[in-house]
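1. Structure, please.
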Amino acid sequence: MAQHGFIKMSNDTLVPANPAARDFLHSKIKCGDVLYADFKKARNPRFHRKYFALLNLGYEYWEPTGGTISPEEKELVRGYVKFLAYYTDNDDALQSAADVYLDDIAQKRAHNISAAKSFDAFRYWVVEQSGHYETFEMPDGSIRRVAKSISFAKMDDLAFGELYKATLDVLWNFILFRKFPTQEAAENAAAQLLDFT
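-> I've put the predicted structure just below:
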């Protein structure tokens, strides 16, 4: 089934947005025919390019540094260190020992892992970290977060703006703060990338 675009005029009529839509109306539809359609407001394709320019900027500046210790494992060890520190005076010594332990485990695990840098995996991670995900319970009782689709045809301008801002925050907090003095400077760099596309 063909998709055609129309523009709403001030008198509440729809007129063809392009020659293909005009040809469709003139050749296939007779005066008085009733048409049924699911209408969607077209998103400005520049928004899509703007979002992906931001993702590309984050991806280009991201340098994988490990990943062999999960955030949950780090949180568990650091929580245990805080628990022990409550009963002793050696907060710094315990934290140093925990850091050495985590580094040692990371080194041992790294010998068995060869990870590749993937834009798609990066994009899914950023979308998930931005809070744009669904949560599922797995058969083993674990919880899994899965990034939602970022189909801009399904998002209004408000939802897009929220996703863009959350994505900028994630990229800033994890990657871009090392390379740019402010979030605005990072956005400007992404805008410059957008101008080259």
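2. So what touches stretch 102-114?
-> Contact with stretch 102-114 is made by 66, 68-69, 73-74, 77, as judged by Cβ atoms under 8 Å, 6 or more residues apart in numbering. No exception for glycine: its C-beta is placed from N, CA and C like everyone else's.
3. among those residues, which ones are buried?
-> Neighbour counting with 16 or more other Cβ atoms under 10 Å marks 68-69, 77 as buried within those.
4. Which ones among the residues you listed map onto helices?
-> Using DSSP state H, the members of the buried ones among the contacts of stretch 102-114 that fall within helices are residue 77.
5. end-to-end on stretch 144-163?
-> 20 Å (Cα to Cα, to the nearest Å).
6. Let me fix that, I meant to ask about stretch 84-99.
-> End-to-end for stretch 84-99, by Cα to Cα: 15 Å.
7. Do a quick rundown of the strands in the protein.
-> 6-8, 14-16, 133-137, 143-147 (DSSP state E).
8. Between the ones you listed, which one is closest to residue 54.
-> Each of these has some distance to residue 54 by Cβ to Cβ; the shortest is strand 143-147, at 15.7 Å.
9. May I see the buried residues of the closest one?
-> residue 147.
10. For this structure, just list every one of the helices.
-> 19-28, 45-61, 71-87, 91-110, 119-129, 157-174, 183-196.
11. just so I know, which of those lies nearest residue 140?
-> Among the helices of the chain, if distance is taken as Cβ to Cβ, the winner is helix 71-87, at 15.0 Å.
12. So what touches the closest one?
-> Applying Cβ under 8 Å, 6+ apart, the set of residues contacting helix 71-87 is 91, 94-95, 98, 101-102.
13. Kindly state the domain boundaries assigned to the protein.
-> The record's domain split for the chain, according to automatic domain parsing, is 1-39, 44-64+117-197, 66-114.
14. With residue 111 as the reference, measure out to the nearest residue to residue 128 once chain neighbours are set aside.
-> Spatial nearest neighbour of residue 128, excluding adjacent residues (Cβ to Cβ, 6 or more residues apart in numbering): residue 147 at 4.5 Å. Distance, residue 147 to residue 111, using Cβ to Cβ, to the nearest Å: 30 Å.
15. Check residue 48 too.
-> 41 Å.
16. Perfect, I'm done here.
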